[in-house]
Each structure stands twice: as C-alpha cells, then as structure tokens.
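Asks: Below: sequence and its predicted model.
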Amino acid sequence: MRATWLTDIHLNFLRPLALQAFYDRVAAERPDVILASGDIGEAPNVIGFVDGLAAAAQAPVYFVLGNHDYYRSSIKTVRDQVRGLRGAAKWLPAQGPVRLTDETVLLGVDGWGDARCGDLASTVKLSDWKLIDDFKKSTEPTARIELLQRLGANEARALRELLGQAPPSPSLLVMTHVPPFPEACVYGGSQSDATWLPWFTCIATGEILLEYARTHPDQRITVICGHSHGLGTFQAAPNLEVRTGGWPAGVEDYGNPLVQSTFAI
Ligand SMILES: [Fe+2]
Ligand SMILES: [Fe+2]
C-alpha cells in the first residue's frame, strides 16, 4: 500500500490554479491512502480541501486537524463538522484505530501545543489566540496557559483511549499535528528555541506515547507530525520514532505546499 503524507499544506494560501497544480501533484504519487497531519486550511475551507484531495487522487484521506484548521471558528464547531463527514475524507480521531494492512494499524489525534516546556513567559504570540474562539476569553497569560494545558490533557486522554482500542499489529502508525517531544519540534534544521517550544510541543501526548512504547516493546511505533514547519526525525525510544514534516531550511513554507513522502506500508 502506498501512503502519501502531507503536512501543513495551508491550502488557503493558494490561488485556484496553484491549488489544482498541487492536487495534480498529489494524484501523481498514485496514493492508496493520503495522510494529512493538520494545518490543511482554515475552518471555512478545510472540509473542501480534504474532499478536493480525495477526489483528485481517488484515494481515502485520513486527516487530523491543526491549529490553523480552527481559525475563524471554535474547536468544538470544527470537530463536530468533521466528525460528520461520510465521504472519502475522514477525521482520524473519530475513526478509532484503522487497520491499513495486515502489518499496520493507523490512529491519531490532533494534539495541542500544551505550554508544558520551554519558556512559559515567552513573548511569542500566536494568531491562534485571536482567531480561534476558544481563546478569546482567556486573554491573561496564566488563563491561556491553563487552557493550553487542559487542551493538551484532553488530547492525551483521547490518544490513550485510541491506543487502548488498537488491535495487536507489528507496526503502529500514529498521526498528530503537534510534535509530542521538544526534540521533534524542529525548524530550519534545529530544535525550536525555548520561546517557541511551549506553543509547539504537546508534552501530554508524548508522555502517553512513551508509556505505550515501554509496555509494547515488540511493536514498531512511528509518529508523523508537523506544526513546527521543519524537517526532523527523533528516536524517542528504541521502538518509537517521530518524524516531523516540514520544509528544508530556507525554503518558503506558506503558499508552497509539499508532498512530504510516499512510503510503502
Ligand atoms: Fe502549519
Ligand atoms: Fe500548526
């Protein structure tokens, strides 16, 4: 089975001709399945984009949502919308574990930068806090940090549940938007600095993954994620590898969506 991985494609930055060219580029990979690890567009257009990818490539699309996919709406509203999708594009957290092949099971959660590492007094400000309804009431830094930590804990709870439902398989593929370890949070060829880490790492999901890897030593676990827009691979445990998708150092990211890779499952 050929799986084509996309992340942080931010298709809302493309004009119609460029969008069609990207759909064609994905279709040319001849995927059996498309995996999209978040930041696909924004709330008003994300469903159109995942449907567009599925139609262009004639393949199912499993996706998680990134922070940008909630812009101009709320977390609950967008999740309610994608949970109801019945076509070829499927929001992975609502699917439960999906058996892709005899060898490999796929599952995933969105994840959230959960303000549990790096410099919590960081002055880096995210557009999330203006453009996602959930943040509009939490304008004080301490309230915002509390909210982020709660969002991260919710993602960890969802991930633990999905892992508990996963049937035995030699290989487990986990898709999430936010890097679950600081070492996987990379940009421009190196780890993001302490001012970015709180908003770009989901410590809570990382804890769940490490615990699962420790108790399933014979399973090979691969995590694919994005969000930090840099390329990297981090071996978090002997049987747990995290691949962060993004762009090589110096390459334009917004408006320049890439196919991360097409790999055999
Ligand atoms: Fe992104
Ligand atoms: Fe993101």
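Replies: Looks like it arrived, so ask away. Ligands and ions are numbered 1, 2, ... in the order given.
Asks: and Ile221, which of the three is it?
Replies: strand (DSSP: H, G, I helix; E, B strand; the rest coil).
Asks: pLDDT score for it?
Replies: For Ile221, the pLDDT comes out at 98.
Asks: swap in Thr139?
Replies: The model's pLDDT for Thr139 equals 89.
Asks: contact partners of the lengthiest helix in the chain?
Replies: If you go by DSSP state H, the chain has its longest helix at helix 141-165. Helix 141-165 is contacted from outside by 75, 93, 96-97, 107-116, 120-121, 129, 134-135, 137-138, 174, 176, 178, 198-199, 202-205, 207-209, 212, using C-beta atoms under 8 Å, 6 or more residues apart in numbering. The way it works is simple: take the backbone N, C-alpha and C, and place the C-beta from them, glycine included.
Asks: Now do that helix: distance to the chain's middle.
Replies: In this view, helix 141-165 has its centroid 14 Å away from the chain centroid, taken as C-alpha atoms, centre = their mean, to the nearest Å.
Asks: That one: which residues count as buried?
Replies: 144-145, 147-149, 151-156, 158-160, 162-163 (16 or more other C-beta atoms under 10 Å).
Asks: Just flag the most distant two among those.
Replies: Arg144 and Leu163 (28.7 Å; C-beta to C-beta).
Asks: thinking again about what came up before, which helix or strand lies directly C-terminal to the longest helix of the chain?
Replies: Per DSSP states H and E, the first helix or strand lying C-terminal to helix 141-165 is strand 171-175.
Asks: List the contacts of that following strand.
Replies: Strand 171-175 has contacts (C-beta under 8 Å, 6+ apart) with 35, 37, 62, 64, 92, 100, 103-108, 159, 166, 209, 216, 219-225, 265.
Asks: Type out the ChimeraX command that picks the buried ones from those residues.
Replies: Buried members of these, defined by 16+ other C-beta under 10 Å, are picked up in ChimeraX with:
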select :35,37,62,64,92,100,104,105,106,107,108,159,166,209,216,219,220,221,222,223,224,225,265
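Asks: if I've got this straight, Asp110 is in a strand?
Replies: No. Read with three-state DSSP, Asp110 is coil and lies in no strand.
Asks: wait, what's in contact with it?
Replies: Applying C-beta under 8 Å, 6+ apart, the residues near Asp110 are 38, 64-66, 93, 155, 176-178.
Asks: Let's see that with 6 Å instead.
Replies: Each residue near Asp110 by C-beta atoms under 6 Å, 6 or more residues apart in numbering is listed here: 64-65, 177.
Asks: Over to the residue nearest the centre of the chain. Which of the three states is it?
Replies: Centroid-nearest residue in the chain: His177, 1.8 Å away (criterion: C-alpha atoms, centre = their mean). What three-state DSSP gives for His177 is coil.
Asks: Measure how buried the closest residue to ligand 2 within the stretch 101-250 of the chain is and give me the count.
Replies: Using C-beta to the ion, His227 is the residue of the stretch 101-250 of the chain that sits closest to ligand 2, at 3.8 Å. Number of residues near His227 (other C-beta atoms under 10 Å) recorded here: 31.
Asks: what about it, which SS state?
Replies: With three-state DSSP as the basis, His227 sits in coil.
Asks: Gly52 too?
Replies: helix.
Asks: now swap in Ala121 and tell me
Replies: Following three-state DSSP, Ala121 is assigned to coil.
Asks: got the contact list for Ser228?
Replies: 179, 185-187, 192, 200.
Asks: ranking those residues by neighbours, who comes first?
Replies: Tallying neighbours with other C-beta under 10 Å puts Pro179 at the head of the contacts of Ser228, with 31 neighbours.
Asks: Pretty sure that one sits against Cys225.
Replies: Yes. Pro179 lies in contact with Cys225 (C-beta atoms under 6 Å); the separation is 5.0 Å.
Asks: How about the residue nearest to the centre of the chain: what's its closest non-neighbour residue?
Replies: Excluding its sequence neighbours, the residue lying closest to His177 (C-beta to C-beta, 6 or more residues apart in numbering) is Gly38, at 3.2 Å.
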